[in-house]
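[1] Task: produce atomic coordinates for the following.
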Amino acid sequence: DRLVSRFEWGLVTDIQPPDLETRVAILQKKAEIKNYKIPDDIILFIAQNIPSNIRELEGALNRIVACSEFNSDPMTMENVSVWLKDLLHDTRSGPVNIGLIQQLVAETFGISTDDLLSPKRTADLALARQVAMYLARNRTGESLQQIGYAFNKKDHTTVIHACKKVEELLKNDLRVRSFVDNVVSKL
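    You can find the predicted model right below:
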């Protein structure tokens, strides 16, 4: 009886893993504290692919800085993927996330992930970006704001426009349909 009353006296709370924006903020703060110069797209990539453990986030940050400095290699998305391959969660066996969709769309369209996330507006890049946003909306549980944020802080209305545009293209354009089907088959 005394134990029960002691337990009832305590605080009960539900602790969830941090969401994407919180993980990005944590990484930015850690980088700022340690004077690391890390591009926003790299921080976003790490936050998307290491979803649960703050220590793993900080370890990934330290690893990419060390690899970049020791090897004198630039911090590109491709290099970071190689440096962190053993830390990155195998997203193909788990739930689909935006980072995986971005990688698969970039591969399917024959472009780099850096180009997909860049502000460039060439027709092929814009279409690839729209397809990636469409798939992120339909294949992940992320909000429009989180999807926009994952595409270099695009507004949620940009995501809505991309989804509507791809839905229209899927009705008439066999090329777009084959690209989407190709990516979906790899998810």
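
[2] Going by C-alpha atoms from here, please, whenever you check contacts or count neighbours.
    Noted.

[3] any idea which element Gln145 lies in?
    Here Gln145 is covered by helix 144-150, with elements defined by DSSP states H and E.

[4] I'd like to know which elements that helix is packed against.
    Taking 3 or more Cα pairs under 8 Å, 6 or more residues apart in numbering; DSSP states H and E as the contact definition, the neighbouring helices and strands of helix 144-150 are helix 123-139, helix 156-172.

[5] Just put those helices in TSV and tack on distance to Phe45, mean pLDDT and mean neighbour count.
    Putting the helices and strands packed on helix 144-150 into TSV (distance: least, Cα to Cα, whole Å; pLDDT from 0 to 100; neighbours: other Cα atoms under 10 Å) gives the following:
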stretch	distance to Phe45	mean pLDDT	mean neighbour count
helix 123-139	15	90	21
helix 156-172	19	90	16
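
[6] between those helices, which one is nearest to Glu58?
    Taking Cα to Cα as the measure, the helices and strands packed on helix 144-150 were each checked against Glu58, and helix 123-139 came out nearest at 26.0 Å.

[7] Let me see the ranges of the strands in the protein.
    Secondary structure of the chain, counting by DSSP state E: no strands present.

[8] Which residue, other than its chain neighbours, is closest to Glu142?
    The shortest distance from Glu142 to any non-neighbouring residue, by Cα to Cα, 6 or more residues apart in numbering, is to Ala136 (7.5 Å).

[9] distance of that neighbour from Val159?
    When Cα to Cα, to the nearest Å is the yardstick, Ala136 and Val159 sit 9 Å from each other.

[10] which residues are common contacts for those two?
    Here Ala136 and Val159 share the contacting residues Ile147, scored by Cα atoms under 8 Å, 6 or more residues apart in numbering.

[11] ends of stretch 164-183, how far apart?
    First-to-last residue span, stretch 164-183, Cα to Cα: 18 Å.
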